[in-house]
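> please work out how this folds:
(2 chains)
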Amino acid sequence: MTTNYFGYAGKILFINLSTGEIRKDPLDLADARKFLGGLGINNRLAYDLIKPGLDPLSPGNPVIIGAGPLIGTMVPGASRTIATSKFPLSGAVSAGSGSMTFGFNMKRAGYDHIVITGASEKPVYVYIDDDSVQVLDASGLWGRDNYDAVDQLWKRHGRCSSISIGQAGENLVKFSLALVDKMATIGRAGFGAVMGAKKLKAVLVRGNGGIKVADPKGFMHEVNTLFHRAKSYKLHSAAVAYGILNAGGSFMLGDEGPYGLNIYNKVKKDRIACPSCFIADKDVLVVSEGELGGMKTYTHSFGMVATAAMKGTITDYAKATRIVNMLNRYGLGHQEFDSMFELILEASETKVLREDQIGAVGRNYETMHDLIEKIVFRRGIGDVLAEGWMATASEFGLDTNRFSSHVKGLGTQFDPRERGLGTMEFEQLVNPRGGHHQSGGSPSYNQGAPVEMFERHVDRMGAPPDAVRRIMDSPFGFNVGRFTRYSEDWFAVFDSLGICIRSQNNRFYSADVCARLFSTATGIPVDKEALMEAGERVWNLYRALNWREGFTRKDDTPPPKWFEPLKAAGSEFEMKDYFQTRKLTREDLEQLLNDYYDERGWDPATGCPTREKLTALGLDNIVKDFEARGLL
Amino acid sequence: MPFRDENNPKLLIDLDKCTGCLNCQLICSFTYHDEFNPALARIEIVRNLDDSKGLSFSDECIQCSICADYCVYGALTRTEEP
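Coordinates of the predicted model:
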């Protein structure tokens, strides 16, 4: 497909499953300048399409898939596809991201964004093959798991890219997700159920076109510089060998033990890269012997197997792999399942939940296996658990704050009592989609990072010098509240351009490099200030989308558990800052939140953008809309 | 087992190391057609998730071997012709 667009494919595809209408609109370059693409234009589309207060499982909730302007080129790691919708677990307008070849194919088919609205009465899948767009019968696929269904579809249509759901999405489990190419997860917190409610089993896309750039010489100069830096990176071979479990050249989980390097090397059969990635990190895992011999599954990290083994004290790697295989095939969110598992065990151990209510449970493989089956197929108690742990707690009269750590109804992944209040831990409070971390490769992902590294990182992300001074002027070494603003804007730029934010990839980029890549690819000239302002605009819009749904500062509240000691390994751990300077109080957290809103130029009372900020970012339409709604 | 393709015997191909990143196809199409488009590349990669893997060069390949310069995984290596 040849277009007059550079970087962009040039079209937005709209599919209405209720009416069967299919429409292709040209991409508005004014939107491209303002919101870049990917996450940014998804947000802009969501603002128009999501009626405030709508039920996430109603036909009106759109599925918006975006692929940024650098996807399809050789920019390292530019394969990040974004799926935006209102997710049912939290009720927040959320953007999930996943890689593999979906964005690559949709760009090559001619589409920067795909918007699916309405709902079908019977199971369907969407098949996009360049210009041809068809909604086809999926009744023979309904009830099949992700791997099985996609294999059938590939047999029918040949190799293409897929976003699919398993039985968890079909059965509207509130923490179901979708898989991209059977391998990458997308949309924790119920994106799978959004597709399931539309009776949409899968979206397939194959593109045979190409992507042109505006300034080929200038563009390749930037790509080559990145490429050579990455290739000569001293930890490149370790990053390829261990994926995200690379810890400074060693395998993060040790050499021996039930999930050590010995097991990883035994089960890892192959590596898969997303298009243009130089640090392939998708694993093909195969159990080689025993009762489960021959079982094959795919993950973005062997860490999933290790987590299952740790949570369930499973010493047999084959069984831990089977848990991951079940979650993948059914399309159940592993983080939320882990939270649910912990809630049930803790409530059961403390006799708050009785055996006649929940059955015999223990920290073992059998309980995990049984709970997954019950939740996915909504059997017995599983019908309650499938609604999420807030609903579960409500059903059994449990205090959600006692048994779980959540923000906006979404379970947190990083507990600051374990390693301190770093960027990932803090960001879970203010992220529009709830307890989620998108910290832009912050140094705090690793323990023991020197304070200078934080200063370099925030400078690399394009923060102006006065902001760098404000961030670094802190008794805690750096001010995580102020820092987070730039991590989020940086993330917004990456997810809008389509570049993988993982620290292994993002470490080679700076705001300057991203601005030159965008300018030479698209022909739209921007400097780093303009690019980062676009990132800020995208994030403000993300927040505004959720402000409109009723989320404000009151929903950025730290989980009460964070203020209690964490008992683990015979010791007690309290929440401290990243550098472990001292114990943090509620007042400290409130001050860090104030600092975050201040750095954003938001109203600290509401935790939302001010009229002045929205106007400065050129979001005048939102000012008018919010004035009419009484929000401004 | 590493092998050679008759259309470009200058390169040693090790399929076990191919991850399917497609950089070889992207640089080939960009070099000769000014766009990133695997369909126009003179090197073809078959890299399915399951067991099928393949790598070959088309008749148009002029053995410039720029593809090998952009392979970071060691699947393509410049060598002397046998």
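> residues of the stretch 1-150 of chain A that sit close to chain B?
A:Gly72, A:Thr73, A:Met74, A:Phe104, A:Arg108 (C-beta under 8 Å from any C-beta of the partner chain). Just so you know, the C-beta spots here come from the backbone N, C-alpha and C atoms, and that holds for glycine as well.
> rerun at 7 Å
In this structure, the stretch 1-150 of chain A approaches chain B at residues A:Gly72, A:Thr73, A:Met74, judged by C-beta under 7 Å from any C-beta of the partner chain.
> nearest to A:Gly20, of these?
A:Gly72 (29.0 Å; C-beta to C-beta).
> and that closest one, how far from A:Ser79?
A:Gly72 sits 9 Å away from A:Ser79 when distances are taken as C-beta to C-beta, to the nearest Å.
> now residue 9: phi and psi?
I'll assume chain A. A:Ala9 has phi and psi values of phi -80, psi -30 when expressed as degrees, to the nearest 10.
> not what I meant, chain B
In this entry, B:Pro9 is assigned phi and psi values of phi -70, psi 0 (degrees, to the nearest 10).
> and the gap between it and B:Ser56?
Where B:Ser56 is concerned, B:Pro9 sits at a distance of 12 Å (C-beta to C-beta).
> A:Glu574 now?
From A:Glu574 over to B:Ser56 the distance is 61 Å, taken as C-beta to C-beta.
> A:Glu346: which element?
Here A:Glu346 is covered by helix A:334-349, with elements defined by DSSP states H and E.
> could you give me the average pLDDT of that helix?
Taken as a whole, helix A:334-349 carries a mean pLDDT of 89.
> hmm, who's touching that helix?
Judged by C-beta atoms under 7 Å, 6 or more residues apart in numbering or on different chains, the contacts made with helix A:334-349 from elsewhere in the structure are A:89, A:175, A:188, A:304, A:307, A:311, A:327, A:353, A:358, A:361, A:363, A:368, A:371-372, A:385, A:389, A:392, A:398, A:403-404, A:411, A:413.
> how close does A:Ala83 get to chain B?
As for A:Ala83, its distance to chain B is 20 Å (criterion: C-beta to the nearest C-beta, to the nearest Å).
> element containing A:Ala241, please.
Assigned by DSSP H and E, A:Ala241 belongs to helix A:236-242.
> same question for A:Gly196.
For A:Gly196, the enclosing helix or strand under DSSP H and E is helix A:191-197.
> and the next helix-or-strand element following that helix, what's buried?
On the C-terminal side of helix A:191-197, the nearest following helix or strand under DSSP H and E is strand A:200-206. Residues of strand A:200-206 classed as buried by neighbour count (16 or more other C-beta atoms under 10 Å in any protein chain shown): A:Leu200, A:Lys201, A:Ala202, A:Val203, A:Leu204, A:Val205, A:Arg206.
> pLDDT-wise, which helix or strand of chain B ranks last?
strand B:43-47 (a mean of 87; mean pLDDT, DSSP states H and E).
> residues making contact with that strand?
Contacts of strand B:43-47 (C-beta under 7 Å, 6+ apart): B:18, B:20, B:22, B:24-25, B:28, B:52-58, B:61, B:67.
> any idea how far B:Asn48 is from the closest residue to chain B within the stretch 101-250 of chain A?
In the stretch 101-250 of chain A, the residue found nearest to chain B is A:Gly210; the distance is 2.7 Å by C-beta to the nearest C-beta. Between A:Gly210 and B:Asn48 the distance, using C-beta to C-beta, works out to 22 Å.
> residues of the helix holding A:Ala241 that come out buried?
When neighbours are counted by 16+ other C-beta under 10 Å, the buried residues of helix A:236-242 are found to be A:His236, A:Ala238, A:Ala239, A:Val240, A:Ala241, A:Tyr242.
> residues of the top helix by length along chain B that come out buried?
For chain B, the helix that runs over the most residues, judged by DSSP state H, is helix B:23-33. Applying a neighbour-count criterion of 16+ other C-beta under 10 Å, one finds B:Asn23, B:Cys24, B:Gln25, B:Leu26, B:Ile27, B:Cys28, B:Ser29, B:Phe30, B:Thr31, B:Tyr32 buried in helix B:23-33.
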